[in-house]
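Engineer: Fold the following for me, if possible:
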Amino acid sequence: METTLHYIQFSEIGVTFAVIVAAMTFVVLTWNAVKAILDWRALAKKPTADTIADHEQRITNLESCCEEVRGKLQNDWKFQEEEKEFNVIMLEAVGQLMKHALDGNDTDGLKAADEKIDKYLREKSQR
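Structural biologist: Predicted structure coming up:
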């Protein structure tokens with residue numbers, strides 16, 4: 001009978017231990033659930049003045065950066081347009097040189113092409 005008595009006492013200790021572990025587990029799970037709900041609530045809160053000011057500052061920085069990039073792109077576009085214009089003038093000059101090379105008589109076309117190039121370069125240097 002003594003063995004049975006010790007077994008019953010051990011069983012009660014085991015049950016007590018299991019109840020304590022279950023209670024601790026319940027507390028931890030409840031805490032995690034409450035924490036998750038509070039985190040979700042924090043995400044859904046209205047923005048504060050600090051967060052609004054921070055967002056406004058970031059937006060201002062992005063807008064100024066965009067203006068800078070837009071200015072650079074416009075400068076690049078103007079440069080490309082000027083290069084196209086100059087390329088047309090140069091192609092006309094090369095065409096006049098080819099005509100002169102073929103028959104040797106078209107010096108007026110060469111003079112006109114030379115004047116166009118000079119005019120373009122003068123305008124370019126004044127800008």
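
Engineer: could you pull out the helices for this protein?
Structural biologist: Taking DSSP state H as the test, the helices found in the chain are 2-44, 49-103, 107-126.

Engineer: and these as TSV, adding mean neighbour count and mean pLDDT?
Structural biologist: (Glycine included, C-beta is placed from N, CA and C.) Below are the helices of the chain laid out as TSV (neighbours: other C-beta atoms under 10 Å; pLDDT from 0 to 100):
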stretch	mean neighbour count	mean pLDDT
helix 2-44	10	80
helix 49-103	11	87
helix 107-126	12	80
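
Engineer: Mind splitting this protein into its structural domains?
Structural biologist: Listed by automatic domain parsing, the domain ranges of the chain are 1-48, 75-127.

Engineer: Now distance to residue 69 too, for the ones you listed, in CSV please.
Structural biologist: As requested, the domains of the chain are arranged in CSV below (distance: least, C-beta to C-beta, whole Å):
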stretch, distance to residue 69
domain 1-48, 28
domain 75-127, 10
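
Engineer: Relative to residue 67, which of those domains is closest?
Structural biologist: Nearest of those to residue 67, taken as C-beta to C-beta: domain 75-127 at 12.8 Å.

Engineer: Tell me how far the spatially most central residue of the chain lies from residue 83.
Structural biologist: The chain has residue 62 as the residue nearest its centroid, 9.8 Å off, counting by C-alpha atoms, centre = their mean. Separation of residue 62 from residue 83 (C-beta to C-beta, to the nearest Å) stands at 31 Å.

Engineer: just residue 54 next, same as before
Structural biologist: From residue 54 across to residue 83, the span is 44 Å (C-beta to C-beta).

Engineer: One more: residue 13?
Structural biologist: 92 Å.

Engineer: Ok, residue 36 next?
Structural biologist: Distance of residue 36 to residue 83, computed by C-beta to C-beta: 61 Å.

Engineer: Check residue 112 too.
Structural biologist: In this view, residue 112 and residue 83 are 22 Å apart by C-beta to C-beta.
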